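S.K.: Got a sequence here, can you build the structure:
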Amino acid sequence: MKHFFKVFFISLLCFVLMIGAGVYTYVKFFNPSDRKDFTQVEDPMWDKGDGSDADEMTPLEMAIQDSKRINIVLLGIEDGRTDTIMLVSFDKATAEADIISIPRDTFFHREGYDSPGSKKINAVYGSTKAQGVIGALENILKIPVHNFITVDYEGVEKAVDAIGGVAVSVPFDMEYEDAYDVPPLVIDIKAGDQVLDGDQALQYLRFRHNNDLTVGYPNGDLGRIAAQQEFVKSAVKKALGLKLPSVVKAVYPYIKTDLSLADMLLLAGDAVNFSVENLETKMLPGHATIIDGLSFYVHDPREVEDMVEELYMDGTSQQ
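M.R.: Have a look, this model is predicted:
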């Protein structure tokens, strides 16, 4: 399921860009007092740095303050936890977008949450919902996160159906069954060029191999990811050619977001200059490790700052 959510949220980007871009005409620098529940506790693996005085802003802080980027977090929820966390950062001035994937095992220690499992960022949603995840990301990335979107299986189907399906070239017969999955998973798609509806798209995005492992992508995940990327490009091209208000109205009931339908409809045309070639994907910098017997992903604050500088100080995002 985690692979399905990861891929679908990239596909969902096309909707986010169309309905979310331009929500703000300017961005205010994040005020930590707005997220009091997410003060980082003392821990030797965290390098917090010296911080900066509000009256003596660094060039990066000034760039963030002056930027017209809008940052939206996309959440895939499974069993009360965020199985997938992706931050979509869209620059309205340049019509460029970046997706930053946040590993679900990212270490994030909140005061009062001291059990090993609660120190993972995917546990934040269970206690403080989407706003809590926003606070955690702002703490880690040191940038503002303006809005959130969550979606479920029904939302996936409706999104694909809203654009009239997605054209793909299925490389081989995809057949797989798992009666224990929730909901039960049955994949049955024949090879060849075709337009997948919502239900078929779910099957296509979730397929890895058949039950006896004799059919699958020859180079494993690399082949599967390449196929999924083609799906994304096809979905984006299809969506960008449609009447966006109709797409928004069809999809909105099946997502949860703090963006109003009125705002989405009003701003649906703000990303008309977006092209799939202007999309880049990134991973939160860091490394995997074992803490208290559990697998964690620990972010690197210095490399995170370098990534943020690339987003905000490359000469294209400033006013």
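S.K.: Flag the shaky bits of the stretch 201-319 of the chain, pLDDT-wise.
M.R.: 220-222, 224-226, 228-229, 232-233, 236, 240-250, 261-276, 315-319 (pLDDT under 70).
S.K.: List the residues that contact Ser127.
M.R.: By CB atoms under 8 Å, 6 or more residues apart in numbering, the contact set of Ser127 is Tyr113. The way it works is simple: take the backbone N, C-alpha and C, and place the C-beta from them, glycine included.
S.K.: A helix includes it, no?
M.R.: Yes - under DSSP: H, G, I helix; E, B strand; the rest coil, Ser127 sits within a helix.
S.K.: where's it relative to Asp292, distance?
M.R.: Remark: distance between Ser127 and Asp292 (CB to CB, to the nearest Å) = 19 Å.
S.K.: do Val166 as well
M.R.: Applying CB to CB, the value for Val166 to Asp292 is 43 Å.
S.K.: Same question for Ile134.
M.R.: Remark: distance between Ile134 and Asp292 (CB to CB) = 26 Å.
S.K.: which residues are contacting the one helix or strand Ala288 maps to?
M.R.: Ala288 belongs to strand 286-291 when assigned by DSSP states H and E. Under the contact criterion CB under 8 Å, 6+ apart, strand 286-291 has outside partners 103, 105-107, 116, 119, 295-300, 303.
S.K.: and after that strand, which helix or strand comes next?
M.R.: Next along from strand 286-291, by DSSP H and E: strand 294-299.
S.K.: what's the angle from that next one to strand 286-291?
M.R.: Put simply, strand 294-299 runs at 150 degrees to strand 286-291, going by axes from the mean of the first three to the mean of the last three CA atoms, to 10 degrees.
S.K.: picking that back up, Ile134 and Asp292: which is more packed in?
M.R.: Ile134 (27 against 9; other CB atoms under 10 Å).
S.K.: Hmm, Val73 and the more buried one touching each other?
M.R.: Yes - contact criterion CB atoms under 8 Å: Ile134 and Val73 qualify, at 6.1 Å.
S.K.: joint contacts of these two?
M.R.: Common neighbours of Ile134 and Val73, counting by CB under 8 Å, 6+ apart, are 145, 148.
S.K.: Tell me where this protein has helices.
M.R.: Ranges of helices in the chain, per DSSP state H, are 2-20, 59-66, 124-141, 153-162, 198-206, 221-240, 244-251, 261-266, 301-312.
S.K.: okay, the angle between the fifth one and helix 153-162?
M.R.: What that stands for is helix 198-206. Helix 198-206 runs at 110 degrees relative to helix 153-162, counting by the same axes, to 10 degrees.
S.K.: what packs against helix 198-206?
M.R.: helix 2-20, helix 153-162, strand 166-170, strand 185-189, helix 221-240 (3 or more CB pairs under 8 Å, 6 or more residues apart in numbering; DSSP states H and E).
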